[in-house]
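[1] whatever this is, show me its structure:
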Amino acid sequence: MRLNLPDTDILLSESGGCHAEGRSMVLESKSAPHLTYHLLLPRERHPDGRVLVSVHGVSRNAEEHIELLRPLAERHGTLLIAPVFAADRFRDFQRLGRKGRGPRADLALIRVLNELNIATGWDTSKIDMFGFSGGAQFAHRFALAHPQRVRRLALGAAGWYTMPDDTLPYPFGTADASGLDAVRLNTVAAARLPTLVLVGECDDRADDEELNCSPRVCGSQGDTRLRRARNWTRAMNGFAARRGEPKQVSLVTLPGVDHSFRDAVIEGGLAAHVFRHCYAAPAPMRRRLPSDTESANSYTGMSRVPFNMEPSTNHE
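    Numbering: from 1, shown residues only. Here you go, the predicted structure:
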(Lines give C-alpha, C1' and ligand atoms only; values in the text may rest on other atoms or scores of the structure.)
Protein backbone atom coordinates (compact mmCIF):
# COMPACT_ATOMS: atom_id res chain seq x y z
CA MET A 1 0.00 0.00 0.00
CA ARG A 2 1.46 3.31 -1.08
CA LEU A 3 -0.07 6.55 0.15
CA ASN A 4 0.32 10.05 -1.21
CA LEU A 5 1.56 11.97 1.82
CA PRO A 6 3.11 15.32 0.81
CA ASP A 7 6.16 16.13 2.91
CA THR A 8 4.89 19.72 3.21
CA ASP A 9 1.97 18.44 5.30
CA ILE A 10 3.69 15.96 7.62
CA LEU A 11 6.71 15.73 9.85
CA LEU A 12 8.30 12.30 9.51
CA SER A 13 9.94 10.88 12.59
CA GLU A 14 12.42 8.96 10.44
CA SER A 15 14.78 10.30 7.80
CA GLY A 16 14.20 9.41 4.19
CA GLY A 17 11.67 10.09 1.48
CA CYS A 18 7.97 10.80 1.75
CA HIS A 19 6.96 7.15 1.30
CA ALA A 20 5.52 6.89 4.80
CA GLU A 21 4.60 3.23 4.81
CA GLY A 22 5.95 1.53 7.94
CA ARG A 23 6.95 4.87 9.46
CA SER A 24 5.67 7.02 12.26
CA MET A 25 5.06 10.72 11.87
CA VAL A 26 3.75 13.72 13.78
CA LEU A 27 0.91 15.78 12.35
CA GLU A 28 -1.33 18.63 13.33
CA SER A 29 -4.96 18.54 12.25
CA LYS A 30 -6.48 21.58 10.58
CA SER A 31 -10.02 20.36 11.24
CA ALA A 32 -9.24 19.98 14.96
CA PRO A 33 -7.16 23.08 15.83
CA HIS A 34 -4.34 22.64 18.34
CA LEU A 35 -4.52 18.83 18.25
CA THR A 36 -1.23 17.19 17.35
CA TYR A 37 -1.00 13.43 16.94
CA HIS A 38 1.45 10.65 16.17
CA LEU A 39 0.59 8.21 13.41
CA LEU A 40 2.07 4.82 12.56
CA LEU A 41 1.27 3.33 9.17
CA PRO A 42 2.20 -0.37 9.31
CA ARG A 43 4.28 -1.91 6.55
CA GLU A 44 1.48 -4.35 5.79
CA ARG A 45 -2.18 -3.58 6.26
CA HIS A 46 -4.40 -6.21 7.85
CA PRO A 47 -7.37 -7.03 5.59
CA ASP A 48 -9.75 -6.08 8.40
CA GLY A 49 -8.33 -2.53 8.44
CA ARG A 50 -7.46 -2.52 12.14
CA VAL A 51 -7.26 0.90 13.82
CA LEU A 52 -6.04 1.46 17.40
CA VAL A 53 -6.11 4.81 19.19
CA SER A 54 -3.72 4.98 22.15
CA VAL A 55 -4.22 7.87 24.59
CA HIS A 56 -1.56 9.28 26.94
CA GLY A 57 -1.95 10.45 30.54
CA VAL A 58 -0.86 13.77 32.04
CA SER A 59 2.77 13.22 30.94
CA ARG A 60 1.64 13.61 27.31
CA ASN A 61 3.96 10.75 26.28
CA ALA A 62 2.29 9.97 22.95
CA GLU A 63 5.68 9.38 21.30
CA GLU A 64 6.43 6.68 23.89
CA HIS A 65 3.10 5.02 23.14
CA ILE A 66 4.10 4.73 19.48
CA GLU A 67 7.56 3.46 20.40
CA LEU A 68 6.39 0.74 22.76
CA LEU A 69 3.28 -0.37 20.87
CA ARG A 70 4.89 -0.25 17.44
CA PRO A 71 6.22 -3.85 17.29
CA LEU A 72 2.79 -5.36 17.87
CA ALA A 73 1.05 -2.78 15.70
CA GLU A 74 3.36 -3.79 12.83
CA ARG A 75 2.82 -7.47 13.55
CA HIS A 76 -0.96 -7.08 13.53
CA GLY A 77 -1.08 -4.68 10.57
CA THR A 78 -2.71 -2.01 12.71
CA LEU A 79 -2.96 1.71 12.04
CA LEU A 80 -1.82 3.27 15.33
CA ILE A 81 -2.90 6.78 16.34
CA ALA A 82 -1.64 8.57 19.46
CA PRO A 83 -3.16 12.03 19.97
CA VAL A 84 -1.42 14.72 22.02
CA PHE A 85 -3.86 16.72 24.13
CA ALA A 86 -1.66 19.71 24.95
CA ALA A 87 -1.74 20.82 28.59
CA ASP A 88 -2.26 24.49 27.81
CA ARG A 89 -5.21 23.79 25.54
CA PHE A 90 -6.95 20.53 26.49
CA ARG A 91 -6.88 21.08 30.24
CA ASP A 92 -9.84 18.79 30.88
CA PHE A 93 -9.21 16.08 28.27
CA GLN A 94 -9.61 13.28 30.83
CA ARG A 95 -13.23 14.39 31.33
CA LEU A 96 -13.59 15.02 27.53
CA GLY A 97 -13.45 18.81 27.92
CA ARG A 98 -16.34 20.23 29.88
CA LYS A 99 -17.70 23.66 29.09
CA GLY A 100 -15.35 26.42 30.28
CA ARG A 101 -12.41 24.02 30.64
CA GLY A 102 -11.06 24.05 27.10
CA PRO A 103 -12.18 22.49 23.81
CA ARG A 104 -13.89 19.13 23.57
CA ALA A 105 -11.18 16.47 23.34
CA ASP A 106 -13.59 13.77 22.18
CA LEU A 107 -14.85 15.83 19.25
CA ALA A 108 -11.30 16.79 18.27
CA LEU A 109 -10.35 13.12 18.08
CA ILE A 110 -13.43 12.30 16.01
CA ARG A 111 -12.46 15.03 13.53
CA VAL A 112 -9.00 13.48 13.21
CA LEU A 113 -10.47 10.02 12.65
CA ASN A 114 -12.75 11.35 9.92
CA GLU A 115 -9.79 13.18 8.39
CA LEU A 116 -7.69 10.02 8.32
CA ASN A 117 -10.48 8.06 6.68
CA ILE A 118 -10.54 10.53 3.80
CA ALA A 119 -6.76 10.74 3.52
CA THR A 120 -5.87 7.06 3.81
CA GLY A 121 -8.94 5.00 2.97
CA TRP A 122 -8.79 3.23 6.34
CA ASP A 123 -12.22 2.80 7.93
CA THR A 124 -12.05 4.84 11.13
CA SER A 125 -15.78 4.86 11.86
CA LYS A 126 -15.30 2.26 14.62
CA ILE A 127 -11.94 1.94 16.34
CA ASP A 128 -10.25 0.05 19.14
CA MET A 129 -9.15 2.32 21.96
CA PHE A 130 -6.52 2.06 24.68
CA GLY A 131 -5.64 4.64 27.29
CA PHE A 132 -3.17 4.69 30.16
CA SER A 133 -3.68 6.65 33.40
CA GLY A 134 -5.41 9.91 32.40
CA GLY A 135 -5.77 8.38 28.94
CA ALA A 136 -7.81 5.54 30.42
CA GLN A 137 -10.07 8.15 31.95
CA PHE A 138 -10.55 9.70 28.51
CA ALA A 139 -11.05 6.32 26.84
CA HIS A 140 -13.85 4.99 29.04
CA ARG A 141 -15.65 8.34 29.02
CA PHE A 142 -15.30 8.49 25.23
CA ALA A 143 -16.93 5.05 25.13
CA LEU A 144 -19.80 6.29 27.31
CA ALA A 145 -20.35 9.31 25.06
CA HIS A 146 -19.68 7.64 21.69
CA PRO A 147 -20.08 3.85 22.04
CA GLN A 148 -20.94 3.56 18.34
CA ARG A 149 -17.37 4.64 17.52
CA VAL A 150 -15.68 1.97 19.67
CA ARG A 151 -15.22 -1.74 18.86
CA ARG A 152 -13.09 -2.85 21.81
CA LEU A 153 -11.76 -0.95 24.81
CA ALA A 154 -8.63 -1.39 26.96
CA LEU A 155 -7.98 0.73 30.06
CA GLY A 156 -4.61 0.94 31.79
CA ALA A 157 -4.50 2.17 35.40
CA ALA A 158 -7.07 4.96 35.32
CA GLY A 159 -6.86 7.37 38.24
CA TRP A 160 -10.62 7.24 38.71
CA TYR A 161 -13.77 6.41 36.79
CA THR A 162 -17.23 7.52 35.81
CA MET A 163 -19.37 4.94 37.59
CA PRO A 164 -22.49 3.41 36.00
CA ASP A 165 -24.63 5.21 38.56
CA ASP A 166 -27.47 7.44 37.40
CA THR A 167 -27.77 9.07 40.82
CA LEU A 168 -24.35 10.75 40.49
CA PRO A 169 -23.64 13.70 38.16
CA TYR A 170 -20.97 13.48 35.47
CA PRO A 171 -18.04 12.90 35.66
CA PHE A 172 -18.61 10.90 38.88
CA GLY A 173 -21.64 9.08 37.48
CA THR A 174 -23.99 9.01 34.52
CA ALA A 175 -26.98 11.01 35.78
CA ASP A 176 -26.26 13.64 33.14
CA ALA A 177 -23.53 14.87 30.84
CA SER A 178 -22.97 18.15 32.65
CA GLY A 179 -20.78 20.48 30.64
CA LEU A 180 -20.78 18.28 27.53
CA ASP A 181 -23.17 19.89 25.06
CA ALA A 182 -25.22 17.55 22.87
CA VAL A 183 -23.98 14.41 24.67
CA ARG A 184 -26.14 11.73 26.22
CA LEU A 185 -24.12 9.14 28.09
CA ASN A 186 -25.06 5.63 26.99
CA THR A 187 -24.14 3.27 29.81
CA VAL A 188 -26.11 0.39 28.28
CA ALA A 189 -24.14 0.47 25.02
CA ALA A 190 -20.81 1.05 26.80
CA ALA A 191 -21.40 -1.96 29.07
CA ARG A 192 -21.76 -4.11 25.95
CA LEU A 193 -18.27 -3.24 24.69
CA PRO A 194 -15.61 -5.93 25.27
CA THR A 195 -13.41 -4.14 27.80
CA LEU A 196 -10.08 -5.05 29.39
CA VAL A 197 -8.94 -3.26 32.55
CA LEU A 198 -5.20 -3.45 33.32
CA VAL A 199 -3.46 -2.23 36.47
CA GLY A 200 -0.14 -2.98 38.16
CA GLU A 201 -0.38 -5.04 41.32
CA CYS A 202 1.92 -2.47 42.98
CA ASP A 203 -0.19 0.48 41.81
CA ASP A 204 -1.80 0.42 45.22
CA ARG A 205 -0.56 3.61 46.90
CA ALA A 206 -3.14 5.78 48.59
CA ASP A 207 -0.54 8.55 49.05
CA ASP A 208 0.15 9.00 45.32
CA GLU A 209 0.33 12.77 44.75
CA GLU A 210 -1.08 12.47 41.21
CA LEU A 211 -4.17 10.59 42.36
CA ASN A 212 -7.56 12.24 42.82
CA CYS A 213 -8.05 11.85 46.56
CA SER A 214 -11.30 13.75 46.95
CA PRO A 215 -13.68 12.27 49.55
CA ARG A 216 -16.30 11.79 46.85
CA VAL A 217 -14.05 9.63 44.69
CA CYS A 218 -12.42 7.74 47.56
CA GLY A 219 -15.76 7.06 49.18
CA SER A 220 -17.38 5.59 46.07
CA GLN A 221 -14.42 4.00 44.27
CA GLY A 222 -11.65 3.30 46.79
CA ASP A 223 -8.38 5.04 47.58
CA THR A 224 -5.95 3.45 45.09
CA ARG A 225 -5.92 2.74 41.36
CA LEU A 226 -5.97 -1.01 42.00
CA ARG A 227 -9.04 -0.83 44.21
CA ARG A 228 -10.77 1.58 41.87
CA ALA A 229 -10.14 -0.72 38.91
CA ARG A 230 -11.66 -3.64 40.80
CA ASN A 231 -14.67 -1.60 41.90
CA TRP A 232 -15.35 -0.20 38.42
CA THR A 233 -15.05 -3.66 36.85
CA ARG A 234 -17.47 -5.03 39.42
CA ALA A 235 -19.87 -2.12 38.94
CA MET A 236 -19.94 -2.38 35.13
CA ASN A 237 -20.49 -6.14 35.19
CA GLY A 238 -23.14 -5.72 37.87
CA PHE A 239 -24.90 -3.14 35.69
CA ALA A 240 -24.93 -5.61 32.78
CA ALA A 241 -26.06 -8.52 34.96
CA ARG A 242 -29.02 -6.55 36.30
CA ARG A 243 -30.15 -6.09 32.71
CA GLY A 244 -29.77 -9.78 31.98
CA GLU A 245 -26.79 -9.19 29.70
CA PRO A 246 -23.38 -10.90 29.69
CA LYS A 247 -20.46 -9.41 31.60
CA GLN A 248 -18.03 -7.77 29.19
CA VAL A 249 -15.42 -6.24 31.49
CA SER A 250 -12.39 -8.24 32.63
CA LEU A 251 -9.56 -7.22 34.95
CA VAL A 252 -5.90 -8.20 34.70
CA THR A 253 -3.28 -7.22 37.28
CA LEU A 254 0.30 -6.90 36.07
CA PRO A 255 2.79 -8.55 38.47
CA GLY A 256 5.50 -6.34 39.96
CA VAL A 257 4.33 -3.19 38.16
CA ASP A 258 3.50 0.18 39.71
CA HIS A 259 2.24 3.29 37.89
CA SER A 260 4.61 3.37 34.90
CA PHE A 261 3.54 2.92 31.29
CA ARG A 262 7.01 1.81 30.19
CA ASP A 263 7.36 -0.70 33.02
CA ALA A 264 3.83 -1.96 32.39
CA VAL A 265 4.75 -2.70 28.76
CA ILE A 266 8.28 -4.02 29.24
CA GLU A 267 7.92 -5.86 32.55
CA GLY A 268 4.18 -6.47 32.79
CA GLY A 269 3.33 -7.41 29.20
CA LEU A 270 0.70 -4.67 28.88
CA ALA A 271 1.03 -4.33 25.09
CA ALA A 272 0.59 -8.07 24.59
CA HIS A 273 -2.56 -8.00 26.71
CA VAL A 274 -3.99 -5.06 24.76
CA PHE A 275 -3.36 -6.57 21.32
CA ARG A 276 -4.56 -10.01 22.40
CA HIS A 277 -7.75 -8.44 23.70
CA CYS A 278 -8.31 -6.44 20.52
CA TYR A 279 -7.07 -8.82 17.85
CA ALA A 280 -6.36 -12.28 19.30
CA ALA A 281 -3.68 -13.98 17.19
CA PRO A 282 -2.40 -12.04 14.18
CA ALA A 283 -3.97 -13.35 10.97
CA PRO A 284 -2.16 -13.61 7.63
CA MET A 285 -1.91 -10.21 6.00
CA ARG A 286 -1.95 -9.16 2.39
CA ARG A 287 -0.75 -6.06 0.68
CA ARG A 288 -3.69 -3.97 -0.40
CA LEU A 289 -3.36 -1.88 -3.50
CA PRO A 290 -5.08 1.50 -3.19
CA SER A 291 -7.92 2.42 -5.48
CA ASP A 292 -7.57 5.34 -7.88
CA THR A 293 -9.49 7.47 -5.40
CA GLU A 294 -7.21 6.52 -2.52
CA SER A 295 -4.12 7.17 -4.62
CA ALA A 296 -5.33 10.68 -5.24
CA ASN A 297 -5.95 11.37 -1.59
CA SER A 298 -3.49 13.46 0.38
CA TYR A 299 -3.24 14.98 3.83
CA THR A 300 -4.75 18.28 2.76
CA GLY A 301 -6.26 18.82 6.21
CA MET A 302 -2.95 18.74 8.08
CA SER A 303 0.01 21.03 8.53
CA ARG A 304 3.64 20.46 9.40
CA VAL A 305 4.46 21.43 12.98
CA PRO A 306 7.33 21.04 15.43
CA PHE A 307 6.61 18.66 18.25
CA ASN A 308 6.99 19.65 21.87
CA MET A 309 5.97 17.32 24.66
CA GLU A 310 4.65 19.54 27.41
CA PRO A 311 4.83 18.60 31.08
CA SER A 312 1.74 18.90 33.20
CA THR A 313 0.99 19.13 36.87
CA ASN A 314 -2.65 18.24 36.36
CA HIS A 315 -3.98 15.58 38.67
CA GLU A 316 -5.57 12.51 37.19
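
[2] average pLDDT across stretch 149-164?
    This predicted structure assigns stretch 149-164 an average pLDDT of 98.

[3] that stretch: which residues count as buried?
    In terms of neighbour count (16 or more other CB atoms under 10 Å), stretch 149-164 has its buried residues at 149-150, 152-164. Using the backbone N, CA and C atoms, a C-beta is placed for each residue, glycine as well.

[4] outside of stretch 257-269, which residues touch it?
    Residues lying outside stretch 257-269 but in contact with it, judged by CB atoms under 8 Å, 6 or more residues apart in numbering, are 57, 61, 64-65, 68-69, 132-133, 156-157, 198, 200-203, 205, 208, 210, 225, 254-256, 270-271.

[5] okay, now that stretch: how far is its last residue from its first?
    With CA to CA, to the nearest Å applied, stretch 257-269 spans 10 Å between its terminal residues.

[6] could you do stretch 185-198 as well?
    Taking CA to CA, the span from the opening residue of stretch 185-198 to its closing residue is 23 Å.

[7] could you give the mean pLDDT of that stretch?
    97.

[8] all helices of this protein, in order?
    With helices called from DSSP state H, the chain shows them at 62-75, 105-120, 134-145, 187-191, 215-221, 225-242, 261-266, 270-279, 292-296.

[9] quick one, strands of the chain?
    11-12, 24-29, 36-40, 51-55, 79-84, 127-132, 150-156, 195-200, 249-254, 302-303 (DSSP state E).

[10] export these as TSV, with columns for distance to residue 214.
    Conversion of the strands of the chain to TSV gives the following (distance: least, CB to CB, whole Å):
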stretch	distance to residue 214
strand 11-12	40
strand 24-29	34
strand 36-40	31
strand 51-55	23
strand 79-84	27
strand 127-132	21
strand 150-156	20
strand 195-200	20
strand 249-254	23
strand 302-303	39
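
[11] among those strands, which is nearest residue 184?
    Between residue 184 and the strands of the chain, the tightest spacing by CB to CB is seen for strand 150-156, at 15.7 Å.

[12] distance from the chain centre to the closest one, please.
    8 Å (CA atoms, centre = their mean, to the nearest Å).

[13] for it, packing partners?
    Judged by 3 or more CB pairs under 8 Å, 6 or more residues apart in numbering; DSSP states H and E, the packing partners of strand 150-156 are strand 127-132, helix 134-145, strand 195-200, helix 270-279.

[14] out of the helices of the chain, which is the most enclosed?
    Highest mean neighbour count of these: helix 134-145, a mean of 27 (counted as mean count of other CB atoms under 10 Å).

[15] sorry, back to before: between the buried residues of stretch 149-164, which is closest to residue 238?
    Nearest to residue 238 among the buried residues of stretch 149-164, with distances taken as CB to CB, is residue 164, at 8.1 Å.

[16] correct me, but that closest one touches residue 191?
    Yes: with contact defined as CB atoms under 8 Å, residue 164 counts as touching residue 191 (6.7 Å).

[17] common neighbours of these two, please.
    In contact with both residue 164 and residue 191: 236, 239, using CB under 8 Å, 6+ apart.

[18] residue ranges in the stretch 1-150 of the chain under the pLDDT threshold?
    Judged against pLDDT under 70, the low-scoring parts of the stretch 1-150 of the chain cover residues 1-21.

[19] can you rerun that using 90?
    Counting by pLDDT under 90, the stretch 1-150 of the chain has low-confidence residues at 1-25, 28-34, 45, 47-49, 102, 119-121.

[20] one step back: can you redo the helices and strands packed on strand 150-156 as JSON lines with distance to residue 24?
    As requested, these are arranged in JSON lines below (distance: least, CB to CB, whole Å):
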{"stretch": "strand 127-132", "distance to residue 24": "16"}
{"stretch": "helix 134-145", "distance to residue 24": "18"}
{"stretch": "strand 195-200", "distance to residue 24": "23"}
{"stretch": "helix 270-279", "distance to residue 24": "15"}
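
[21] quick one, which of the ones you listed gets closest to residue 31.
    The closest approach between residue 31 and any of the helices and strands packed on strand 150-156, judged by CB to CB, belongs to strand 127-132 at 16.9 Å.

[22] which elements pack onto that closest one?
    Helices and strands touching strand 127-132, by 3+ CB pairs under 8 Å, 6+ apart, are strand 51-55, helix 134-145, strand 150-156, helix 270-279.

[23] in its sheet, what does it sit against?
    Sheet pairing of strand 127-132 (DSSP bridges) gives strand 51-55 (parallel), strand 150-156 (parallel).

[24] and these as JSON lines, adding distance to residue 176?
    JSON lines is the format used below for those (distance: least, CB to CB, whole Å):
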{"stretch": "strand 51-55", "distance to residue 176": "24"}
{"stretch": "strand 150-156", "distance to residue 176": "21"}
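
[25] which of the helices of the chain sits closest to residue 37?
    Comparing the helices of the chain under CB to CB, the one sitting nearest is helix 105-120, at 6.0 Å.
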